[in-house]
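What follows is a predicted structure for the sequence shown.
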Amino acid sequence: MDIKVGRAAIAEASEKLSNWGRWGKDDQVGTLNHLGAPQVYNAAKLVKKGSVFGMGIPLGSTGPQSGLFGGRWNPIHTMLATGTDALAGRFGDRLDYADDAINMPVQAATHWDSLGHVFYAGKTYNGHSAGRVDGGGVNVLGIEHTRDKMVGRGVLLDVARYKGVDWLEDGYGISNDELDATAEKQGVRIEAADFVIIRTGQMERCLSEKAWGGYAGGDAPGVKFENCYWCQEKQIAAICSDTWGVEVRPNETNEVNQPWHWVVIPAMGLTMGEMFFVKELAEDCAADECYEFMFCGPPLVITGGTGSPINPLAIK
C-alpha cells in the first residue's frame, strides 16, 4: 500500500477500520473476540512434541528501560526477609522465611498493552471518554478483562530470517507484502484469531551487544503504518514483537508520535504484545520447519491496569 502517513491517514484509517460497536457497546476486549472455544481447542491440537518456549525477559535491573520513554524504570527487586535474617535470629520464635517485592511499571518488560492504553481524539476503544482513565486506574478497558482470553494459535513470522540477516536495522519498515512473503516461505497461513509474533532480531542484537541503546523509546525496526489494514483484513486476535513498540521508528511521519498505535488500539481494539524474547522459538521453528504452535500468555489480573507483565509460552 502507498500511504502518506500523517494525521489525515490516521483519521481515514480510524474511520475505515473502527471496530466500535462490532461486538456490542459493552465490549472490553476488542479483537480478542475473534477467539472462541473452537480456536482454543484447535490450538491445543498443535502440541506434538511437548516443547515449551518462554518468551518473557527477566524482571531485572539491567534492562531494557534506558530512560528514553515515559519515565519508566527497570524492575526493582527488594528483599523483605532473608535467610541471613533468619540466621541472625531476627524472627525470634516465629517462622523463618524469605519474602520479597517487585516495583515496576507494568510495561517495563515483556508485556501486553490494554485497550485503555492509548487515546485518539479524547476517546478510547469503543467510544469511551479518555476521562474514564484517571488516578484510580483504567476504569474501562483495563487489562483484567483479558485474563481468560490469551490462549490460541500462535504464528511466528521470522522476518529477519526471511531477509537473511541476524537482525533488521533500526528504522527498517516491514511492509504487508513482506509479512505475506515471510508466511509463504515458511509454509504457514495467517488465520482469523491468530496471535501473530514478529521477529525482527532487535532484542537479540541488544542482548548480544550487552547494550540496550534506544530500547525502549528509540529507533527500531517494525511494521509500517499500513499494517493496521493487514491486521484488520486477517482478523487476528493480537500482534506481538521482539521490539518495544511493534511499529517502525523513526516513524513514517513527523506530524505525530507512533501513528500506528493511534489506530490499532483506540479504533480497532487490537491487543498487542511487546518485548518478546523469541530467539529460541525461532531457532526451533527453523529446525523443524513448523511456525505454528499453541500460544498461552495470560496477564496478571491487574484491576484497571494499562497493561501487564507476562511470560508468554509457545508450546509445540
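On my side now, so go ahead. Residues are numbered from 1 along each chain as shown.

for Leu157, helix, strand, or coil?
Under DSSP: H, G, I helix; E, B strand; the rest coil, Leu157 falls in the strand class.

any idea how far it is from Ser241?
Leu157 sits 10 Å away from Ser241, going by C-beta to C-beta, to the nearest Å. Just so you know, the C-beta spots here come from the backbone N, C-alpha and C atoms, and that holds for glycine as well.

Mutual contacts of these two, please.
Counting by C-beta atoms under 8 Å, 6 or more residues apart in numbering, the common neighbours of Leu157 and Ser241 are Ile197, Ile198, Arg199.

Backbone torsions only: list them for the last one.
Looking back up the chat, that one is Arg199. Main-chain torsions, Arg199, degrees, to the nearest 10: phi -100, psi 120.

Could you dump the shared contacts of Leu157 and Ser241 into a markdown table with neighbour count, pLDDT and distance to Ala181 added?
As requested, the shared contacts of Leu157 and Ser241 are arranged in a markdown table below (neighbours: other C-beta atoms under 10 Å; pLDDT from 0 to 100; distance: C-beta to C-beta, whole Å):
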| residue | neighbour count | pLDDT | distance to Ala181 |
| --- | --- | --- | --- |
| Ile197 | 27 | 98 | 17 |
| Ile198 | 26 | 98 | 13 |
| Arg199 | 27 | 98 | 14 |
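
Nearest to Gly305 among these?
Ranked by distance to Gly305 (C-beta to C-beta), the shared contacts of Leu157 and Ser241 are led by Ile197 at 21.8 Å.

what's the helix or strand for the nearest residue to Asp96 once chain neighbours are set aside?
Excluding the flanking residues, the one nearest Asp96 by C-beta to C-beta, 6 or more residues apart in numbering is Ala86, at 3.8 Å. According to DSSP states H and E, Ala86 maps onto helix 83-87.

Trp23 contacts Leu32, correct?
No - Trp23 lies out of contact with Leu32 (C-beta atoms under 8 Å); the separation is 9.4 Å.

Surely Arg161 is in a strand?
No - counting by three-state DSSP, Arg161 is not part of a strand but helix.

on that earlier part again, gap between the residue nearest to Asp96 and Gly92?
Separation of Ala86 from Gly92 (C-beta to C-beta): 10 Å.

Between those two, point out the one with more neighbours.
The neighbour comparison of Ala86 against Gly92 (other C-beta atoms under 10 Å) goes to Ala86, with 15 against 6.

what about the more buried one, distance to Val196?
Ala86 is 48 Å from Val196, by C-beta to C-beta.

Cys231 now?
8 Å.

Need the residues touching each of the two.
Ile239.

Secondary structure element holding the residue most central in space within the chain?
Nearest to the geometric centre of the chain sits Gly273, at 0.7 Å (C-alpha atoms, centre = their mean). Assigned by DSSP H and E, Gly273 falls within strand 271-274.

Thanks a lot, catch you later.
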